[in-house]
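Colleague: just the structure for this:
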Amino acid sequence: MPPLNTITYLQVALWDNLGNEKPTKSGRKNGAGTRFKMDIEMWDVPAEKISKRKGRIPFVRNVQLRTVKEFRTMIKGAVKRKKLTADYGELLEQFINESPHDCMLGHVIDNHGGYNYHLTQFIRATFDSDGVPTLEIFNSGDCIVVDSFTDRFASGFIKYTAFRDFCGYQEYKRNK
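Modeller: Numbering: from 1, shown residues only. Got it, this is the predicted structure:
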């Protein structure tokens, strides 16, 4: 993930996979997986260079959202398997303890050659009484808050989408 102070445009989508129990090709049973995930797309280029075409987005991650209990279990397992250091595990434990008990948490991971945890890159999602999320993206002590979610572009399992425009991209597209 690029440093948050260099982000020019950010787009996120909340997925609710309830009812999406897709069978595996081999027919073997698989775990239920997480119900919620957040797609995060980030650009760190000027407005005129932003391209939303597939393969041209500088940073894309699908982050699984877990309850506080599930996240704590995941972190403890990662520390035990030495994927995360004990010190970082303690830092995340402190973060968990300071988070609302009903929030959902996720850690930026990629699985190129095994699960790779990106230290200091995690997210917290809280939900209002109507289920509309507010997302906090953390990277190396910095935070971006995304709280303008709407269901305007919702389709299928995508329930809410939002964007943050730090470079005037929307205005650039309108005037182009």
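Colleague: show me the contact partners of the helix or strand containing I137.
Modeller: Using DSSP states H and E, I137 maps to strand 133-139. Residues outside strand 133-139 that contact it (Cβ atoms under 8 Å, 6 or more residues apart in numbering) are 1, 3-4, 10, 12, 14, 38, 40, 120-128, 143-147, 149, 160, 162. Where you see a C-beta, it was placed from the backbone N, CA and C, and this is true even at glycine.
Colleague: what segments of this protein are strands?
Modeller: 9-16, 36-43, 59-67, 104-110, 116-127, 133-139, 142-146, 158-165 (DSSP state E).
Colleague: what does the last one contact?
Modeller: Pointing back at strand 158-165 there. Contacts to strand 158-165, defined as Cβ under 8 Å, 6+ apart, come from residues 7, 9-16, 131-133, 135, 144, 146-154.
Colleague: from the chain's centre, how far out does it sit?
Modeller: Relative to the centre of its chain, strand 158-165 is centred 12 Å away, using Cα atoms, centre = their mean, to the nearest Å.
Colleague: what pLDDT, on average, does it get?
Modeller: For strand 158-165, mean pLDDT is 90.
Colleague: list the contacts of the helix or strand of the chain with the lowest mean pLDDT.
Modeller: Using mean pLDDT, DSSP states H and E, the weakest-scoring helix or strand in the chain turns out to be strand 116-127, at a mean of 84. For strand 116-127, contacts defined as Cβ under 8 Å, 6+ apart pick out 1, 14, 36, 38, 40, 63, 65, 78, 83-84, 88, 92, 95, 99-100, 102-110, 133-141.
Colleague: swap the cut-off to 6 Å and go again
Modeller: With contact meaning Cβ atoms under 6 Å, 6 or more residues apart in numbering, strand 116-127 is reached by 1, 63, 65, 83-84, 88, 99-100, 103-110, 133-140.
Colleague: just the buried residues out of those, in PyMOL syntax.
Modeller: With 16 or more other Cβ atoms under 10 Å as the criterion, this PyMOL line picks the buried residues out of the contacts of strand 116-127:
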select buried, resi 1+63+65+83+84+88+99+103+104+105+106+107+108+109+133+134+135+136+137+138+139
